[in-house]
Every structure is written in structure tokens, then in C-alpha cells.
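Visitor: below are the sequence and a predicted model; questions follow.
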Amino acid sequence: MEASNIIFQGRGLWWLWLSLAALAAIGVIMLYRYERRLVAARIGNSLLALRLSAIALLFFALLQPVLAVVRERAAERRILIAVDVSQSMQTPDPQASDAEKLRWARALGTIGNDGSRDRLDQWLQALENDQEPKWVESSNGEAAVQLAQTRRDSLHQLLDEIGALQRREIVQRILTSTTTPLLAELQRIGDVQIQLFADQSVAADADTLSLLDLNEQELGLNVGVTNLRAGIESGTSSSEETSLAGIVLFSDGRDTSTHDSIATARALGRENIPIFPVLIGSPRKPVDITVTDLDFPTSVFLGDTPRLTATLATTGFAGRAIEVVLQPATGAALRKTINVEADTTTVAFDWPADSAGRSSFRIAVAAQPEELRDDNNSAEFALTVVDDTIRVLLIEEEARWEFRFIDNAFLRDSRVDVAQVIFEQPFLDVLDASFFPRQLDWPNDPAGWDKSALADTDVVIVGDVSQTHLTPADWESLERYVDAGRGTLVLLAGKNFSTDGELPPALQRLLPVSDLRIEQFTKRSAKSSPNERGFHLSLTPEGEREPMLQFAADPQANREIWRDFPGHVWGMTGTAKPGASVLATMDSPADAPQGTSADRAILARQTYGLGQVLWLGIDSTWRWRHRAGDRYHHRFWGQLARWGARQQSLGGTDSVKFGFERSDITQGKTAVLRARFNRVFLERYPQLTATAELVAAGESRILQTLPLTPAPSRPLAYEGQAIDLPPGEYTARLKLDGADLDAAKFVATLFVSQPPAQELTDLSANADLLSQIATVSGGRLIGPDALSELPQLLNAAEVAHGDRDEVALWQHPVLLLLFCALVTTEWVVRKLNGLP
């Protein structure tokens, strides 16, 4: 088919060209009236016609006409079949309703024919209404009763067999094994392309589909993840010869990836590529127990009793008691019996860390007879037990409330050795010395640090101390302490701190925030109940990920704990410096003074040299004990002390420290490897390059060589990442070029554990997600028993290609020749008749 039309590219100025043509035409007419007195009427009319024709032709050319010719031709139709082969598709659906199973049976052709279609429709309607089907037309007589019983037993036996089929086996039969295989039907109307997908997509053919037991390892798929986006965007590239008429998506709709399949479907819809999802599986949740989440510290101190928490999905077990077992690799198992009250249950074990080193665990629930599958009843993890003591130095001007409760929390922590310095305290000269030391025993010369209290201190906490007691020289000593990576500095706000004039230069450099502002609430909000007064701390996304600030395994539960803490009526906020991380901001009350803002940093940290600094802009964490006792206050300060001492576990020297950001991760997480250099070392070796060699434990073959590059937000730190490591134990060795240093001593260990099976967490089909994909793409959600409509739906879209040719008429030689012919003819006629 061919179609043509003329496009005027200069039509935007048509009014100008028309005005000029009209003026020229008026001039020609006036000339014609003059020449009529000199020549015959026939000659005058001929000249007028020639001149007006030239003006019209020039006007036509100024409009820049282009002749467009479109020749349409039929294109080969292409259809994409995307089949989900993830782990959840290996699941049968015995929990499905009888109506669902009957639909699947009809789709597979295992029941029914043309003569029984009406009867099956009646049975299906009755089952969907939770009614007993009418098995026979008349129930009178023994033969009718016997026939009804036979039909009932036969149907239920068939439905049980259908319920035992794996979801992807149903897909395979629909496509290749029914009396009218869908694959053959679609091949009649277009070129069919088959893709199998789980975490990613691979091409397949009909022979692959005929296998009931697909070999995912040979296909290179991770069946533990469902990525619907990989399925629907695979094979969508179209060429000039083939266009994609539509995508047929066979899946249960359980997307366990982080990709946005809805956005991809919407983009395909804009390209007129509809998606027709086929729901495989039942939306009903089966009776099943799944370990869905684990909450445990990656490292603990010897003698601690860490809480190891597991979250279980316990669908169908409400009102029952189940036993959960925590089995360490060595030692006796811990057992707990829990009463299930909802579909999600949490169980916690307090495990005594009485042996240093790596400890691995398996948490499991014994398989129950009615469970759908039992390969999701357990999970494994590991943690490291460190035989060490955290040494904390607590410095305050006076023994204020905040000091007393922090000091008490550390004194009751068996893994913390706390030392105190109180500059102002009652002293009656009855004893030889005050109860707490009243001065710092710090050497002025850094060379003497090895013999001072700072030599063995992991965390220094400076409270509300004025410059009278902490001089600029003292702050410079603390700066050197942090910069050398000897420990962590924690800075607490206070009244003396806020009214002490200009801050010492070293303190200004150490603070993670600048432009400090006092936030004080003395109005109505300060006089209400403790939970409503003042302001609260609101965790940032980075703060929510920080183990130091986690009081519950569930993120939402942790947010609620922070939200329900008593408020504070005084604090100091600031603006985070470049490279600093804001962990919490001030959540202002309704009557906050003008100028306050909820995004002001009140809890922030920054890396400083080889150490780190934490800023806490409140002086009343003791308020968190309201109606909770020591539960959260002691846990916060205990976790803070362990966080502060964590960097001391990195191996190395005073010049270089080397190790993994987290020594225990789950499969699929990125392992971050970090080398920290002090400033003097980097200045001495400015051309230094660093790499790390990663090997599996007990092997010598190098698995990966990781380049370590300067981290943008961490001064003096070089970082690298190890991605997609399978479960196991690994060792990283630091390699330095351009530096005179023996790097053999820099070794770090990493443990990668198997994560809980998210693919098997919820085994019900997600019809809502598939329906959204169909809607935004212009397709339709189809049940397996309605697939006979699919060829007609795919045929409804016209698929054609067009070839377009364009000819610029205003530049064509014929137009120029015609214009020249008109002008020349007019000139000849004029001259032959004696006109000027």
C-alpha cells in the first residue's frame, strides 16, 4: 500500500509570503491596466497570466513544499513467551480451591470435551460459590446416586492430582503437551521466541520446554531470585524486519528482586507492546513454615550473651505450638517452644559466647506433616566471638545526670572497662584523693602516649566540659589520638559546651557538624507528658542501617521504638560537614521556635584520619529509661562502645589498618574491603597503589584481585568491593606498590553465609502484581483456562512497517526550469510588442 502527501516546511511564515505575493500581484495588475492602452487585449491578458503564474510559483517555492511518499509493507510478527523457572515455580498448590484446580484441569485438557462443556461450567460455578455441584440431572434412583458418587470421587481424585503438579510443570504441559499446545497455536500467527528467567533471562527452545526437570545450573540462572523485569524486557529489541506483537508471561507473580517491573511494563506499553501475564499458582497461602529473617551481631565479645533472633512465617499454624531449635556447630542445641498467634512469629535465643573464634549456627523448625515444603524451614549464619575488653574513658566537668547513668551502664557491662575523669567534684580533704580523678594524665609529647592512659583506650567520651579544663592543647592531643587511629572520640553536648565562646580549632576540625545551634523548648511542649514533650530523634536511612542504633530486628518496629522514646527539651544541632554521615535529625514539635528544622543533624559521625568521631547533640539519653528501665539506655551505650571499638579489630600497624567493613555477610551482599593509611604515610608515598587478593580459605588460587581506590567520603581510606561471592570463608591479602612496607602481615577474613530463602518466604501467587503489569502495558491478565483467547488478542494488534521517501519540491530542478520558462516567455512577448 502506498500513500503520499505534501508537507509545507515553510508554512510557519505563510502570512509573510502571502503578503509579499499579494503586493506583487497588485503591482502586476496596475501594470496591466497601463499596458492595455499600448497593446491589444489578447497580448495584455497573456502578459498578466504569465506574471501572475510566476508570482504563484514563487509563493509555492517559498512555502518549501516536500512530497512524502509512504510505502507500507507487512512485517513478520514476533511473540515473546517468558517462562518463570524460579524456585517458587517448583512448588505445587494443594491448598488451591477446587474451582482453581478445575480451571487448571480444563486448561491441561485432562477433563472435559465438547459434550461435557456445559456440565463442567455448572460444576465450576457451583464450586466458586462454595456449593456442592449438581453431579447428575436427576438424583432419583440408585443408578443416579451411584453415578453422582462416581463423578464426585473421580473429580476429587483428578483435582488432587492437579494440586500435586509443580507450577512450571503446568506451564510445560500448557505449552507443549495438551491436545492443542499453545506453543503450536502461537507459531501459526508469528515467530515465537522463548525466554526462561529467574534472576536473569536466557533463551530457550521447544526442546528445553519439554524437559520437566530444567537444569538451572547449565542455564546459568540463580533460581533463588525472581526478577520479573528480566522476563518482560528480554528479547524486546525490535528490528526493521520484525516487531514484537506482545509478551506472554507465565509466572506466579512473586518478584523477589529489587527491580521495578511495573515501570518496565509501562515503558513497553508506550511502545505498543502489550503484556499478557498468565497466573500460575493459587493466591491462597499454603500451610507452611519459613525462616524469613535473621537478626544477629556479626561480632560479639567473649562472655557476652548476644540475642539471636529469627522471624518465621507460620501460615496455617495459628493456635498451635511449634519447637524451634538453635544448633551451634559445637555444643548443645537450644530449644524453644512458641505458641503461634499470627502468620508471622519471632523467636529469640540468648546464646552464651563462651568460646572465642568463629561460631556457626543452624536455626530450624522440624518439618510438619501438613507443610507444603520443608526446604525453607532452616537457615544458617555465623558470628565471631572476640576475646577482648573495651576500654572507655569518660570525661566530664561535673557528675551531671547524663554522666551518672552512662557511667552506671558501663560499670554493669562486663566487657567494658571504664575510667572516669571529673574535673569539678566535692572534696573535703578527708581522703588522700577524690573519688574520681580530677585531671588528665596526658603527655604533651605524643612520643609518650604509649605510657599514658590513651595508649589502651578504645573510646573516649567527652561530655559537657568547658575550655577551663580542656584547653586547646588538650583538644590537639585528642585530635592526634583520633587521627592516628588509636580509638574513637564521642562528643556529647552540654550547657558549658554551648556557652563557652569560640571553640578551639582542633575541636572545630574534629566535630562532624558546623554552625552549632541551641534548640530549647520551654513552652507548652516542655510541660506535657515525657513522651510528648520537646523534640525526638528521627533516624535517617543511614541511621536505620547502623547496628548501633537498632533495638529491634524489624525496621518498622525499630522506628516505633525511637518514636516512642521520651522527648528532649534541650539540644544542639548543626550542619553536617562534607564527608560526614547524619544518623539522626531533630524531629521538631508543633510549637518549635521559628527557624528550627527537622533536617538538622543531631547525631552524626565522620572518619578523621584513621579514627572516627561521633557527635551526639543531646544531654539527656537518661530520659529513655522512662517506663523502660535499662532496656534501651544500657543497650544503646553498650552498642555504642562496641561500635567505637570495632575499628580496633582491623589488622595492621599505626600506619596502615586493613580489614573488611563487615566480617560476616550473607550471599548477595557486597563485601567492602578497606585499607586506612595515616596522613604521614600517604605524604611519604604519594604514588602508592593498593590492591587486595581474595582467596578461598585453605586454597592458594586467587579468586579476585580487587583494586583499592580512595573513598570519596572517607579521607585517607582506600576501598574495594567483592561482589557475588558464594557462601564460604575467604581471606584477603593486602598488596602495596610504591611503598616501602611489608604487606604480608595485612590479612583479613570474611565469612559469607547463605541468606534465608526469600523465594520461598511467601508461596502464594501474586495476582495483583501481574494484573498491574498487564494494565500499564495495555495487556490483560489471563487464567490458564482462557488461553484459547490469546491468539485472537495478539492478532488484534496491527504490525506493519513503512518505508518513507521525501522529495523537496522547492529545490527540484523542474520547479526552477518552469519559473525560468514563465519569466523568459513574458520577456519575449513584451519585447515583440514594443513594450519596455
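Guide: Yep, that arrived. Numbering: from 1, shown residues only.

Visitor: mind checking the end-to-end distance for stretch 255-272?
Guide: Start-to-end span of stretch 255-272 (Cα to Cα, to the nearest Å) is 24 Å.

Visitor: and the residue nearest to residue 66 when sequence neighbours are not counted, what is it in contact with?
Guide: Among residues not flanking residue 66 along the chain, residue 7 sits closest, at 4.8 Å (Cβ to Cβ, 6 or more residues apart in numbering). C-beta here means a position set from N, CA and C on the backbone, and glycine is covered the same way. Counting by Cβ atoms under 8 Å, 6 or more residues apart in numbering, residue 7 touches 65-66, 68.

Visitor: let's see that with 10 Å instead.
Guide: Contact analysis of residue 7 by Cβ atoms under 10 Å, 6 or more residues apart in numbering lists 63-68, 806, 809.

Visitor: go on, residue 664?
Guide: Counted by Cβ under 10 Å, 6+ apart, residue 664 has contacts 296-299, 358, 360, 381-384, 671, 749-753.

Visitor: between those residues, which sits nearest residue 204?
Guide: residue 752 (30.7 Å; Cβ to Cβ).

Visitor: give the helix, strand or coil label for the closest one.
Guide: strand (DSSP: H, G, I helix; E, B strand; the rest coil).

Visitor: coming back round to it: residue 719: which of the contacts of residue 664 is nearest?
Guide: Among the contacts of residue 664, and counting by Cβ to Cβ, the member closest to residue 719 is residue 671, at 10.8 Å.

Visitor: excluding chain neighbours, what is closest to the closest one?
Guide: Spatial nearest neighbour of residue 671, excluding adjacent residues (Cβ to Cβ, 6+ apart): residue 722 at 4.2 Å.

Visitor: and the helix or strand harbouring residue 152, what does it pack against?
Guide: In this assignment (DSSP states H and E), residue 152 forms part of helix 142-163. Identification of packing neighbours for helix 142-163 by 3 or more Cβ pairs under 10 Å, 6 or more residues apart in numbering; DSSP states H and E yields helix 98-108, helix 117-128.

Visitor: of all those helices, which lies closest to residue 481?
Guide: Closest to residue 481 of those, according to Cβ to Cβ: helix 98-108, at 67.9 Å.

Visitor: ok and the closest one relative to helix 117-128, angle-wise?
Guide: 150 degrees (axes from the mean of the first three to the mean of the last three Cα atoms, to 10 degrees).

Visitor: avg pLDDT for helix 98-108?
Guide: Averaged over helix 98-108, pLDDT sits at 91.

Visitor: counting contacts, what elements does it pack onto?
Guide: helix 117-128, helix 142-163, helix 167-176.

Visitor: and the angle for that helix with helix 167-176?
Guide: Here the directions of helix 98-108 and helix 167-176 differ by 40 degrees (the same axes, to 10 degrees).

Visitor: okay, the angle between helix 98-108 and helix 142-163?
Guide: Using the same axes, to 10 degrees: helix 98-108 against helix 142-163 is 80 degrees.

Visitor: the residue nearest to residue 503 when sequence neighbours are not counted and residue 580: what is the separation?
Guide: Leaving out its chain neighbours, the residue that sits closest to residue 503 by Cβ to Cβ, 6+ apart is residue 511, at 7.6 Å. For residue 511, the distance to residue 580 equals 9 Å [Cβ to Cβ, to the nearest Å].

Visitor: joint contacts of those two?
Guide: Shared contacts of residue 511 and residue 580 (Cβ under 10 Å, 6+ apart): 574, 604, 606, 608, 613, 615.

Visitor: next up, the contacts around the last one.
Guide: Translated: residue 615. By Cβ under 10 Å, 6+ apart, the contact set of residue 615 is 489-493, 510-513, 516, 572-574, 576, 580, 582-583, 601-606.

Visitor: burial count for the residue nearest to residue 316 when sequence neighbours are not counted?
Guide: With sequence-adjacent residues excluded and distances taken as Cβ to Cβ, 6+ apart, residue 316 is closest to residue 287, at 3.3 Å. Residues near residue 287, counting by other Cβ atoms under 10 Å, number 16.

Visitor: I'd assumed residue 371 was in contact with residue 287.
Guide: Yes: counting by Cβ atoms under 10 Å, residue 287 does reach residue 371; the two are 6.1 Å apart.

Visitor: quick revisit: right, and the helices and strands packed on helix 142-163 - which one's nearest residue 821?
Guide: helix 98-108 (74.6 Å).

Visitor: any chance you could map the strands in the stretch 501-650 of the chain?
Guide: Remark: strands assigned in the stretch 501-650 of the chain by DSSP state E, counting those that start in this stretch are 513-520, 536-539, 570-576, 581-587, 601-608, 611-616.

Visitor: and the second one, what's its mean pLDDT?
Guide: If you average the pLDDT over strand 536-539, you get 90.

Visitor: same thing with the last one?
Guide: The predicted model assigns strand 611-616 a mean pLDDT of 93.

Visitor: how far does it sit from the chain's center?
Guide: 28 Å (Cα atoms, centre = their mean, to the nearest Å).

Visitor: state the distance from residue 575 to residue 519.
Guide: For residue 575, the distance to residue 519 (Cβ to Cβ) stands at 13 Å.

Visitor: so between these two, which is more surrounded?
Guide: residue 519 (24 against 15).

Visitor: thinking again about what came up before, select, out of the helices and strands packed on helix 142-163, the one closest to residue 502.
Guide: helix 98-108 (74.5 Å).

Visitor: can you give me the strands in the stretch 351-500 of the chain?
Guide: 357-365, 378-386, 390-396, 416-422, 459-462, 488-492.

Visitor: who does the shortest one touch, helix- and strand-wise?
Guide: What it means is strand 459-462. By 3+ Cβ pairs under 10 Å, 6+ apart, strand 459-462 packs against strand 390-396, helix 401-411, strand 416-422, helix 472-483, strand 488-492, strand 611-616, helix 630-646.

Visitor: tell me what angle the longest one forms with strand 488-492.
Guide: Between helix 630-646 and strand 488-492, the angle formed by their directions is 140 degrees, by the same axes, to 10 degrees.

Visitor: okay, buried residues for helix 630-646 please.
Guide: Neighbour counts over helix 630-646 (16 or more other Cβ atoms under 10 Å) mark 632-646 as buried.

Visitor: in terms of model confidence, name the weakest of those residues.
Guide: residue 646 (68).

Visitor: what sits against residue 269?
Guide: By Cβ under 10 Å, 6+ apart, the contact list for residue 269 reads 275, 773-779.
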